[in-house]
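> Curious how this folds, go ahead:
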Amino acid sequence: MESCHHINVFIVDDHQIVRDGVKALLKNVEGIKIVNEASNGQEAIDLIRQNPKDIDVVIMDITMPEMDGVQATKLILKEFPKINILALSMHDDKLHLISMLKEGAMGYVLKTTGKSELVHAINRIAGGQSYFDRQASGKLLDYLSNKDKRKKTAEGELTSREKEVLMLIAEEMTNAEIAEKLFLSPRTIDTHRRNLLQKLNVKNTAGLVKYALTHEL
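Predicted structure coming up:
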């Protein structure tokens with residue numbers, strides 16, 4: 001980045017006190033300029049649309065009324081892919097972290113973070129790099145290592161009959177069609193389907209199909 005260029009920062013949080021706090025922290029930091037703020041995702045999108053070229057980094061809260069940070073991140077990046085998003089949250093659970101990452105956030109810091117770490121995070125994200133505070137990094141590593149374990153366990157637990165049923169479900173066959181093909185009763189297929197949902201930890205048929213496709217079954 002050229003030294004003459006400020007990193008233009010947009011703050012999105014439904015609490016005025018948090019927005020004021022972030023502004024106070026960043027007020028005299030060289031190279032960083034607060035250009036706007038919003039109290040929810042929808043307001044943020046409306047304001048960004050007026051002047052998207054003026055924004056480098058959006059500091060995004062997650063839990064907000066009207067439109068939360070996850071949905072706002074998704075919509076902003078769909079429309080303005082050059083904007084970089086840093087999640088600033090009071091939540092340190094995996095669900096919020098993974099949701100934000102899946103929608104394209106480049107970093108994640110907790111609201112307990114200090115000034116120097118926040119400045120460091122903004123600088124990294126403005127430069128197109130990712131940044132996660134220590135707690136978020138730990139949670140992310142934990143999630144990724146468990147994901148591999150879960151995948152292996154789930155597939156190892158499937159019987160050959162269940163794998164067969166899963167493949168036919170992925171081919172969009174109904175319980176009755178699968179039963180006919182495998183010479184089993186529809187009730188038996190229904191039991192296999194329920195077992196698959198439980199073992200693979202998915203909610204519905206779409207989840208089963210997605211699992212079969214992503215794991216190349």
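> Can you pull the domain assignment for the chain?
7-140, 155-214 (automatic domain parsing).
> a markdown table for the ones you listed, including mean pLDDT?
As requested, the domains of the chain are exported to a markdown table (pLDDT from 0 to 100):
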| stretch | mean pLDDT |
| --- | --- |
| domain 7-140 | 91 |
| domain 155-214 | 87 |
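> how about those domains in a markdown table, adding mean neighbour count?
Placement of C-beta: from N, CA and C, glycine included. Shown next, in a markdown table, are the domains of the chain (neighbours: other C-beta atoms under 10 Å):
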| stretch | mean neighbour count |
| --- | --- |
| domain 7-140 | 18 |
| domain 155-214 | 15 |
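> For the chain, which segments are assigned as strands?
In the chain, the strands defined using DSSP state E lie at 7-12, 32-38, 57-60, 84-89, 107-110, 131-132.
> got the phi/psi numbers for the residue nearest to H5 when sequence neighbours are not counted?
Closest residue to H5 apart from its sequence neighbours, by C-beta to C-beta, 6 or more residues apart in numbering: G31 at 7.9 Å. Phi and psi for G31, reported as degrees, to the nearest 10, are phi 90, psi 0.
> cool, D133 as well?
Backbone torsions of D133, given as degrees, to the nearest 10, read phi -70, psi 170.
> How about the contacts made by it?
108-110, 113, 117, 121 (C-beta atoms under 8 Å, 6 or more residues apart in numbering).
> make it 7 Å
Contact partners of D133, counting by C-beta atoms under 7 Å, 6 or more residues apart in numbering, are 108-110, 113, 117.
> ditto for F132
Counting by C-beta under 7 Å, 6+ apart, F132 has contacts 107-108, 140.
> repeat for V209
V209 makes contacts with 169-170, as judged by C-beta under 7 Å, 6+ apart.
> where's it relative to I76, distance?
30 Å (C-beta to C-beta, to the nearest Å).
> can you check S39 too?
For S39 relative to I76 (C-beta to C-beta), the value is 15 Å.
> Equivalent analysis for N195, please.
According to C-beta to C-beta, N195 and I76 sit 41 Å apart.
> Same check on L110?
Separation of L110 from I76 (C-beta to C-beta): 21 Å.
> now the helices for this protein?
Listed in chain order, the helices of the chain (DSSP state H) span 16-26, 41-50, 69-79, 94-102, 115-126, 134-157, 160-170, 175-182, 186-200, 205-214.
> Make TSV from those helices and add distance to T63 to it.
Shown next, in TSV, are these (distance: least, C-beta to C-beta, whole Å):
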stretch	distance to T63
helix 16-26	12
helix 41-50	11
helix 69-79	7
helix 94-102	8
helix 115-126	19
helix 134-157	16
helix 160-170	36
helix 175-182	40
helix 186-200	29
helix 205-214	25
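> Of the ones you listed, which is nearest V57?
helix 115-126 (5.3 Å; C-beta to C-beta).
> Dump the closest one to PDB, restricted to CA.
C-alpha atoms of helix 115-126 as PDB (Å, rounded to 0.1, in the frame of the first residue of the first chain):
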ATOM      1  CA  LYS A 115      -6.000  -1.500  20.200                       C
ATOM      2  CA  SER A 116      -2.700  -2.800  18.800                       C
ATOM      3  CA  GLU A 117      -4.200  -6.200  17.800                       C
ATOM      4  CA  LEU A 118      -7.200  -4.500  16.100                       C
ATOM      5  CA  VAL A 119      -4.900  -2.100  14.200                       C
ATOM      6  CA  HIS A 120      -2.700  -5.100  13.200                       C
ATOM      7  CA  ALA A 121      -5.800  -7.000  12.000                       C
ATOM      8  CA  ILE A 122      -7.100  -4.100   9.900                       C
ATOM      9  CA  ASN A 123      -3.700  -3.600   8.300                       C
ATOM     10  CA  ARG A 124      -3.400  -7.300   7.400                       C
ATOM     11  CA  ILE A 125      -6.900  -7.500   6.000                       C
ATOM     12  CA  ALA A 126      -6.500  -4.300   4.000                       C
END
